[in-house]
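Visitor: Here is a sequence together with a model predicted from it:
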Amino acid sequence: MIYLFYFLLAAVLAWLLTPLIKLLAFKFKVVNYPGTHPKKIHTKPTPLLGGVAVYASFLVALIVYLHFGHTNFQIIPMRFFNGIIFGGLVLMLGGILDDKLDLPPKLLWIFPAIAALIVIFSGIGVGITRLSNPFGAQINLSHIILGLPLSAIIIFVWMMGMMFTTKFLDGLDGLCGGIGLIAACTMFALSITGRINQPITASIAIIFAGALFGYLFYAFNPASIFFGESGSTFTGFMIGVLAIILGGKIATALIVMGIPILDIAWVIIRRLWYHQSPFRADRQHLHHRLLDIGFSQRQTVLILYAISAAFGFTAVFLQSFGKLIALIVLFVVMLILALTVVVLFKRRHPHVPTVDGNGNS
């Protein structure tokens with residue numbers, strides 16, 4: 001019941017705050033206008049800054065939990081929570097600036113990098129000295145490379161990867177927020193299992209899930225507000241942090257986020273192949289391809305929800321070797337899905353090249 005209370009608290013806060021954030025976004029002209037880029041498929045001006053509502057709701061509910069939740073700071077020190085709070089705050093600042101000023105792609109890595117460094121210097125993940133290895137002995141992360149612990153390097157790369165995964169995922173109404181909600185619920189379920197039993201991590205995860213749930217009332221198609229840079233990066237930030245605090249449950253997060261990660265990896269490789277910036281926006285993502293072959297926004301989002309939820313539910317009950325098998329199955333599913341989409345696209349658009357010399361459809 002206490003988990004339900006914090007979920008509902010964050011959800012109600014997000015449900016109440018999002019309309020206020022919409023008004024502020026319109027007032028200060030932080031608005032996404034249609035037709036300014038091929039990736040933008042909405043038909044009317046839509047306010048950004050949805051991530052600010054999610055962060056504010058999460059922050060208020062987290063503060064309530066820290067004051068009244070009987071938190072054991074010997075298990076998770078207060079500096080960990082400070083790392084989450086201030087890392088998220090940096091992402092809010094960077095996201096607001098980008099949504100308002102449309103910062104160049106080469107600057108968009110700065111705020112996520114600062115947030116990742118805050119996580120490291122707050123001590124989150126410092127205690128992780130080994131990673132599970134399904135083929136034998138655990139992987140030792142205590143080695144020093146270029147004067148830095150291997151664990152710190154891995155955490156930085158992991159956090160940046162998660163933030164940019166959700167950033168690129170944010171292309172359809174409610175897609176990024178919904179996948180984030182599924183990931184948060186998966187982390188919550190894993191936290192309350194007998195073998196993990198981490199009530200504090202469970203509370204953080206369920207508060208984040210509640211904030212996303214309340215926001216999705218306005219973000220699901222047809223959306224009346226968009227996540228913006230702040231919301232998309234904060235979602236990846238929280239998924240990355242939860243995986244670390246859970247004791248390096250990176251494989252679990254990879255399983256839940258597998259389809260978006262594989263999709264983004266393929267898109268980035270293709271952009272580099274055509275000598276383009278990997279941060280360049282286009283319509284080459286899987287969710288855009290599903291739209292191109294005839295699925296509606298809602299159908300596309302629900303398909304991707306279903307895949308993430310199915311693998312996320314499975315990941316809760318798998319051990320290391322089982323998760324490896326799940327990742328292999330996920331790769332095969334992605335491959336089949338991608339090939340099917342390409343074949344159906346060519347049938348519907350026989351005279352349109354799949355990719356031209358500029359990497360565009």
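Guide: That came through fine. Residues are numbered from 1 along each chain as shown.
Visitor: Residue ranges in the stretch 1-150 of the chain under the pLDDT threshold?
Guide: Residue ranges of the stretch 1-150 of the chain with pLDDT under 70: 35-43, 73-74, 125-148.
Visitor: Check the gap between the most centrally placed residue in the chain and Trp158 for me.
Guide: In the chain, the residue lying closest to the centroid (Cα atoms, centre = their mean) is Gly236, at 3.1 Å. Plainly put, Gly236 is 10 Å away from Trp158 if you go by Cβ to Cβ, to the nearest Å. All C-beta atoms are positioned from the backbone trio N, CA, C, and that covers glycine.
Visitor: Please list the residues outside stretch 2-9 that contact it.
Guide: Applying Cβ atoms under 8 Å, 6 or more residues apart in numbering, the contact partners of stretch 2-9 are 61, 64-65, 69, 188, 192, 202-203, 206-207, 209-210, 213.
Visitor: In helices, which of the residues you listed fall?
Guide: Among these, the subset assigned to helices under DSSP state H consists of 61, 64-65, 188, 202-203, 206-207, 209-210, 213.
Visitor: Spit out the contact partners of Leu62.
Guide: 81, 84-85, 204, 207.
Visitor: and the gap between it and Gly247?
Guide: 20 Å.
Visitor: Same question for Val31.
Guide: 42 Å.
Visitor: other SSEs contacting the helix or strand containing Ala152?
Guide: Per DSSP states H and E, Ala152 falls inside helix 150-169. Judged by 3 or more Cβ pairs under 8 Å, 6 or more residues apart in numbering; DSSP states H and E, the packing partners of helix 150-169 are helix 110-121, helix 175-191, helix 228-245, helix 258-273.
Visitor: Any chance you could list what contacts the shortest one?
Guide: When contacts are taken as Cβ under 8 Å, 6+ apart, the neighbours of helix 110-121 outside the stretch itself are 83-84, 86-88, 90-91, 93-95, 125-126, 152, 155-156, 159-160, 163-164, 233, 237, 240-241, 244.
Visitor: Quick check on those residues: which are buried?
Guide: Among these, those buried by neighbour count (16 or more other Cβ atoms under 10 Å) are 83-84, 87-88, 90-91, 94-95, 125, 152, 155-156, 159-160, 163-164, 233, 237, 240-241, 244.
Visitor: all strands for the stretch 1-150 of the chain, in order.
Guide: Ranges of strands in the stretch 1-150 of the chain, per DSSP state E, counting those that start in this stretch, are 31-32, 46-47, 130-131, 139-140, 144-145, 148-149.
Visitor: related to what we said a few turns ago, roughly how far apart are the residue nearest to the centre of the chain and Gly51?
Guide: In terms of Cβ to Cβ, Gly236 sits 11 Å off from Gly51.
Visitor: now do Ile114
Guide: In terms of Cβ to Cβ, Ile114 sits 16 Å off from Gly51.
Visitor: Of those two, which one has the most company?
Guide: Gly51 (30 against 16; other Cβ atoms under 10 Å).
Visitor: ok, now which ones touch that one?
Guide: Contacts for Gly51 (Cβ under 8 Å, 6+ apart) come out as 91-92, 95, 227-235.
Visitor: How about it, nearest residue that isn't a chain neighbour?
Guide: Gly231 (2.3 Å; Cβ to Cβ, 6 or more residues apart in numbering).
Visitor: Contact partners for that neighbour?
Guide: Residues near Gly231 by Cβ under 8 Å, 6+ apart: 49-52, 54-55, 95, 170, 176-177, 215.
Visitor: Using a markdown table, please lay out those residues together with distance to Leu339.
Guide: Putting the contacts of Gly231 into a markdown table (distance: Cβ to Cβ, whole Å) gives the following:
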| residue | distance to Leu339 |
| --- | --- |
| Leu49 | 38 |
| Gly50 | 34 |
| Gly51 | 34 |
| Val52 | 39 |
| Val54 | 35 |
| Tyr55 | 38 |
| Gly95 | 35 |
| Asp170 | 25 |
| Cys176 | 25 |
| Gly177 | 28 |
| Tyr215 | 34 |
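Visitor: ok, so of the residues you listed, who is nearest Ala25?
Guide: Top of the list for closeness to Ala25, among the contacts of Gly231 and by Cβ to Cβ, is Leu49 at 4.6 Å.
Visitor: Can you get me a residue count around the residue nearest to that closest one when sequence neighbours are not counted?
Guide: Closest residue to Leu49 apart from its sequence neighbours, by Cβ to Cβ, 6+ apart: Ala25 at 4.6 Å. Counted with other Cβ under 10 Å, residues neighbouring Ala25 total 25.
Visitor: so how far is Phe313 from Ala25?
Guide: 35 Å.
Visitor: pLDDT (mean, whole number) over stretch 184-203?
Guide: Mean per-residue pLDDT for stretch 184-203: 89.
Visitor: in it, what counts as buried?
Guide: In stretch 184-203, counting by 16+ other Cβ under 10 Å, buried: 184-192, 196, 198-203.
Visitor: Identify, from those residues, the entry nearest to Phe345.
Guide: Thr186 (31.0 Å).
Visitor: Double-check the closest one against Thr252; I have them as touching.
Guide: Yes. Judged on Cβ atoms under 8 Å, Thr186 makes contact with Thr252 at a distance of 6.7 Å.
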